[in-house]
Structure formats: structure tokens, C-alpha cells
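S.K.: Structure for this input, please:
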Amino acid sequence: MAQLVLWDIDHTLVETRGAGRALWAEAFRQVSGMEMREQVRIDGLTEPVIFRRTAELHGLATNHADFEAFAQALGEAHIRHAAALRERGRALDGAAQALEELASRGLHQTVVTGNIRAAAEIKLTTFGLDRHLDLPVGAYAEDAEERGALVSLAVKRAGRQPAEAVLVGDTPADMQAGLTAGVRTVGVATGRSSTDDLHDAGACAVLSDLSDRRAVLQALASAL
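M.R.: So this is what the prediction gives:
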């Protein structure tokens, strides 16, 4: 059994059902002065990359300072609209129970996410998923643009070795990030990617969702 479990957030633990995009558009408008006409496909990307590429679609060149301003605006938007996020979004089936089960077995759990930290924390606390997650050792969009680097950073912050960790996510990018960092991966087909997509990307095991506690434990055990 792994000693450290690294969780992706969006479409792995929660789904915002459009609320996240609305908050993103609000922050984009605040920073750029433009309405967001379109957004790049975000699956597997981190916020700095999404912001830069979306800005390019609007004819804007951005720098790190622009992203920092955007991150600040996005975090504040999540705080202001936490109630709307709660009304529209939800914790995915079995997510809370899986976190609780793993915690009861003494596993160290945190997140590796393309979200900025403020947005990640609001999403998790809004849906009651923060209790068993060691958020300070997680890795967030402010830390790096590439997911593989985020995985390595979270493992280091947790004081573990890659062989002691397993990453759980819903996209091929999550699986590839784990491989890059030397961490085994478990796919959860609760996003846009199919079970075949996740297997092909290198997942050691793939779950349809997190609702079956025994299946979750077996998947994690098979990853090491």
C-alpha cells in the first residue's frame, strides 16, 4: 500500500458544473478588461498555461505579473462566490468516503492540482473534503506550470520518495505527470477521459468512480 496519496481535484474529487468557468471568466475580465469569448480546453493544464493560452486567443500577450494578478482575482472570486459554487457543484460520488477510509488506515494525503491554491482550498472546504488532506504540502498552480514538476514537489514537501507515492487523477496528463515524477498512478474515469485513455496513458489501475471503497483500496495497492 502507498504511504502518500496525491489527489487531483477537478473531476477526480469534485465537479463545479460550470461554476468554475464562470469564476474564471470573471477574473479574466477583471484583469484583462475583456470579456472571455472562449477558453482553451483545460483538461490536464495548469492555470498559468490556461491563462496564457486563453489570453493569446484574445490577442493578448501576458507575463508572470499578469498571471499573479489573475491568480489574485481568481482566488477572491472563489471566496466571494463560495455559496454559488456549493449550489451548482458537488463532491463526486465516494470522494469523502475514500478520503476518510484512507485516513483511517494512516495514509498521508494531499493534492496535486493545476488550480491556484486559494481556489483549490475553497473547492475542497466548500464540499467538505479538506479534513483528511494535508494541504500545506500539496502542489498548486503557483508552484510550477508542468504537472510532473508539481508531483515531484508534493512528494518532496511530504518528505517521501516517489516509490512511496501514488497519484489519483482523471486525465492522461495526470498519468503522464506521475510517470515523469516516478510515481505510480491510478485513473478515475469521472472526467472526459475514458478508462482506455487512462490505461493507455500509463495508469496502473483505473476506476469508474470512487464509490466502491474496496475497489479504491485494491487500485491503490495494485499501484505499488
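
S.K.: what's the helix ranked longest in the chain packed up against?
M.R.: When the chain is parsed with DSSP state H, its longest helix is helix 64-80. In this structure, helix 64-80 makes packing contacts with helix 19-32, helix 47-57, helix 117-126, judged by 3 or more Cβ pairs under 8 Å, 6 or more residues apart in numbering; DSSP states H and E. Bear in mind the C-beta positions are built from the backbone N, C-alpha and C, glycine included.

S.K.: buried ones in the second one?
M.R.: Residues of helix 47-57 classed as buried: 47-52, 54-55 (neighbour count, 16 or more other Cβ atoms under 10 Å).

S.K.: Please enumerate the helices of the protein.
M.R.: For the chain, applying DSSP H gives helices covering 19-32, 47-57, 64-80, 82-88, 95-104, 117-126, 147-157, 172-181, 195-200, 213-222.

S.K.: what does the first one contact?
M.R.: Right, the one you point to is helix 19-32. Taking contacts as Cβ atoms under 8 Å, 6 or more residues apart in numbering, the residues outside helix 19-32 that touch it are 10, 34-36, 39, 50-51, 54-55, 58, 60, 66, 69-70, 73-74, 76-78, 81, 84-85, 88-89, 119, 123.

S.K.: which stretches of the protein have low pLDDT?
M.R.: Low-confidence segments of the chain, defined by pLDDT under 70: 1, 224.

S.K.: Please spell out which residues along stretch 194-214 are buried.
M.R.: 197-199, 201-207, 209-210, 212.

S.K.: For these, give me CSV that also has distance to residue 179.
M.R.: Compiled in CSV, these are given as follows (distance: Cβ to Cβ, whole Å):
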residue, distance to residue 179
197, 15
198, 12
199, 13
201, 8
202, 5
203, 10
204, 10
205, 14
206, 15
207, 18
209, 23
210, 22
212, 25
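
S.K.: For residue 103, state which of the residues you listed is nearest.
M.R.: Using Cβ to Cβ, residue 210 comes nearest to residue 103 of the buried residues of stretch 194-214, at 14.0 Å.

S.K.: tell me, how many neighbours does the nearest residue to the closest one once chain neighbours are set aside end up with?
M.R.: Residue nearest to residue 210 in three dimensions, not counting chain neighbours: residue 94, with 3.5 Å by Cβ to Cβ, 6 or more residues apart in numbering. Neighbourhood size, residue 94 [other Cβ atoms under 10 Å]: 20.
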